[in-house]
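Enquirer: Any chance you could fold what I've pasted below:
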Amino acid sequence: VDCADPAAAREALRLREGKPHRHHIGLWERGHPDPGSLPGLTEWAVSREIDAVVWTDLPPKFQGEDGRVPTHEEVVAYLQALPDEPRAVAIEYIRRAPTQIRTAYRREIARVISGTLPK
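Expert: Below you'll find the model as predicted:
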């Protein structure tokens with residue numbers, strides 16, 4: 001969804017992500033400090049002349065355990081263990097993330113599941 005209003009963009013993302021709590025959708029606007037979950041965001045955004053950024057800011061959770069951050073190996077093992085259809089959906093979700101989203105998880109998944117993700 002293309003939104004000129006940052007609050008509208010935040011709400012659109014919240015709805016797209018399955019209606020998580022409003023505090024789980026981050027919003028940064030020029031003139032505000034970096035959010036705790038994204039240090040360096042201000043510098044990144046200002047250098048690209050971006051006035052506002054929204055993102056899904058869900059807390060970590062793995063295998064039903066709140067606050068648990070999985071290792072890269074656990075993420076890949078989980079993905080590989082999924083049945084074919086949910087695995088394909090998960091890989092497509094990762095693949096569709098903007099290419100500038102270069103996380104360690106994404107690099108490891110791309111390395112292990114060669115040919116399914118952009119590098």
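Enquirer: Please pick out the residue of the chain most distant from its centre.
Expert: Most distant from the centre of the chain: Gly31, at 23.3 Å, with distances by C-alpha atoms, centre = their mean.
Enquirer: For Ile25, which non-adjacent residue is spatially closest?
Expert: Using C-beta to C-beta, 6 or more residues apart in numbering and skipping residues adjacent in sequence, the residue nearest Ile25 is Arg14, 4.6 Å away. Just so you know, the C-beta spots here come from the backbone N, C-alpha and C atoms, and that holds for glycine as well.
Enquirer: The one you found touches His23, doesn't it?
Expert: No: assessed by C-beta atoms under 8 Å, Arg14 is found out of contact with His23, at 10.1 Å.
Enquirer: mind checking the SS state of the residue farthest from the centre of the chain?
Expert: Classification of Gly31 by DSSP: H, G, I helix; E, B strand; the rest coil places it in coil.
Enquirer: How far does the helix or strand of the chain with the lowest mean pLDDT sit from its chain's centre?
Expert: Within the chain, no helix or strand scores below helix 104-112, which has a mean of 82 by mean pLDDT, DSSP states H and E. Mean-position distance between helix 104-112 and its chain equals 14 Å (C-alpha atoms, centre = their mean, to the nearest Å).
Enquirer: what sits against the spatially most central residue of the chain?
Expert: Nearest to the mean C-alpha position of the chain, counting by C-alpha atoms, centre = their mean, stands Thr56 at 6.0 Å. For Thr56, the contact set (C-beta atoms under 8 Å, 6 or more residues apart in numbering) comprises Leu13, Glu17, Pro20, His24, Ile25, Gly26.
Enquirer: The residues you listed, buried ones only, as a PyMOL selection?
Expert: In PyMOL, this line selects whichever of the contacts of Thr56 come out buried by 16 or more other C-beta atoms under 10 Å:
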select buried, resi 13+25+26
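Enquirer: among the contacts of Thr56, which are in helices?
Expert: Counted as lying in helices by DSSP state H, out of those, are Leu13.
Enquirer: where do the helices sit along this protein?
Expert: So, for the chain - with DSSP H - the helices run 6-16, 41-47, 72-81, 84-96, 104-112.
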